[in-house]
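S.K.: heads up, no residue letters with this:
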Ligand SMILES: Nc1ncnc2c1ncn2[C@@H]1O[C@H](COP(=O)(O)OP(=O)(O)O)[C@@H](O)[C@H]1O
Ligand SMILES: Cc1ncsc1CCOP(=O)(O)O
Ligand SMILES: [Mg+2]
């Protein structure tokens with residue numbers, strides 16, 4: 001005879017997968033408005049990622065529009081990928097207003113260690129209380145140590161698993177959930193550490209997949225701001241699942257880009273429950 005498993009007795013992996021599915025359903029039904037102040041490279045893929053997940057993206061970045069627009073959004077994504085001095089005031093104003101309006105905002109510190117200007121900008125943005133910081137391993141290490149020169153540019157020269165301590169100390173210092181993408185996506189609140197074991201290596205060969213998953217995290221925290229740790233791990237895992245399913249149809253990076261978006265749009269409950277793979281990692 002099969003024993004019935006009550007929700008509280010379900011194994012951790014099943015609870016993570018059910019929660020990820022519930023959050024994706026919430027995005028599809030609520031279509032949260034997500035403001036993105038992002039780099040020129042990522043605008044298209046980021047907007048299409050949010051749309052295929054069911055969210056509503058708006059790439060609105062002029063400082064003049066922020067007082068009217070930002071309070072009406074459900075979450076904000078700030079990405080410094082093609083930073084120039086005249087964009088920084090808009091990023092800061094939007095971050096401040098998001099906080100004041102009780103909306104979560106998410107930071108992508110692209111190439112944080114590439115220059116002093118960029119690192120200082122990222123550190124100033126961290127002071128404005130992002131709910132989540134998501135970067136690759138080199139970016140999180142650079143930000144955590146506040147040091148430049150540890151990175152090639154926008155791509156990582158470290159493995160995500162090598163950035164666990166840096167992520168934990170950045171989370172403790174900033175109060176943000178910190179996520180490190182890579183072969184295993186790491187998520188920490190400074191105490192707990194989980195790994196999302198989804199995705200395929202070919203995702204690194206498409207520009208702006210990292211930027212896009214950060215925006216997807218913004219959509220997940222928009223529908224569950226109180227549980228930003230769980231929402232962040234879910235977003236990373238769901239994006240990875242879309243990559244795995246897209247890879248089954250792809251011939252290379254260009255077709256993976258297309259099939260990843262189609263797969264994210266078409267994910268059903270069975271796909272999510274069978275593929276989401278989030279586990280606790282040793283602290
Ligand atoms: N070796 C890998 N195996 C599986 N998924 C990966 C791998 N490397 C990166 N990814 C996935 O690709 C996406 C972008 O991550 P990453 O390349 O680390 O970000 P960035 O583009 O900011 O450097 C994430 O969803 C991540 O999980
Ligand atoms: C290539 C490049 N140069 C400046 S921003 C950017 C895109 C980076 O995207 P991602 O961090 O998602 O790889
Ligand atoms: Mg990146």
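M.R.: Good, I have the coordinates. Everything quoted here is computed from the prediction, not taken from an experiment. Ligands and ions are numbered 1, 2, ... in the order given.
S.K.: I figured residue 239 was touching residue 215, is that so?
M.R.: No: in this structure residue 239 lies outside contact range of residue 215 using CB atoms under 8 Å: 9.9 Å. Using the backbone N, CA and C atoms, a C-beta is placed for each residue, glycine as well.
S.K.: Overlap of the contact sets of those two?
M.R.: residue 49 (CB atoms under 8 Å, 6 or more residues apart in numbering).
S.K.: Heading C-terminal from the helix or strand hosting residue 57, find the next helix or strand.
M.R.: Assigning secondary structure by DSSP states H and E places residue 57 in strand 56-58. Next in sequence after strand 56-58, counting helices and strands by DSSP H and E, comes helix 66-69.
S.K.: partner strands of the helix or strand following that following helix, parallel or antiparallel?
M.R.: Moving toward the C-terminus from helix 66-69, the next helix or strand (DSSP H and E) is strand 75-79. Applying DSSP bridges, strand 75-79 is found paired with strand 33-37 (parallel), strand 105-108 (parallel).
S.K.: Would you mind finding the most buried of those?
M.R.: Ranked by mean neighbour count, the strands paired with strand 75-79 are led by strand 105-108 with a mean of 32 (mean count of other CB atoms under 10 Å).
S.K.: if we can go back for a sec, which residues sit against the strand holding residue 57?
M.R.: 31-36, 46-47, 50-51, 69, 73, 215.
S.K.: try stretch 82-97
M.R.: 35, 37, 39-41, 61-63, 66-67, 70-71, 76, 78, 80, 105, 107, 117-118, 121, 124-125, 128-130.
S.K.: one more time with 6 Å
M.R.: 37, 39-40, 61, 63, 66, 70, 76, 78, 105, 118, 121, 128 (CB atoms under 6 Å, 6 or more residues apart in numbering).
S.K.: and those residues, which are buried?
M.R.: 37, 39, 61, 66, 70, 76, 78, 105, 118, 121, 128 (16 or more other CB atoms under 10 Å).
S.K.: How about the residue nearest the centre of the chain, nearest residue that isn't a chain neighbour?
M.R.: Centroid-nearest residue in the chain, with CA atoms, centre = their mean: residue 214, separated by 2.6 Å. With CB to CB, 6 or more residues apart in numbering as the criterion, residue 214 has its nearest non-adjacent residue at 4.0 Å, and that residue is residue 108.
S.K.: before we move on, what about residue 256?
M.R.: Closest to residue 256 by CB to CB, 6+ apart is residue 250, at 3.8 Å.
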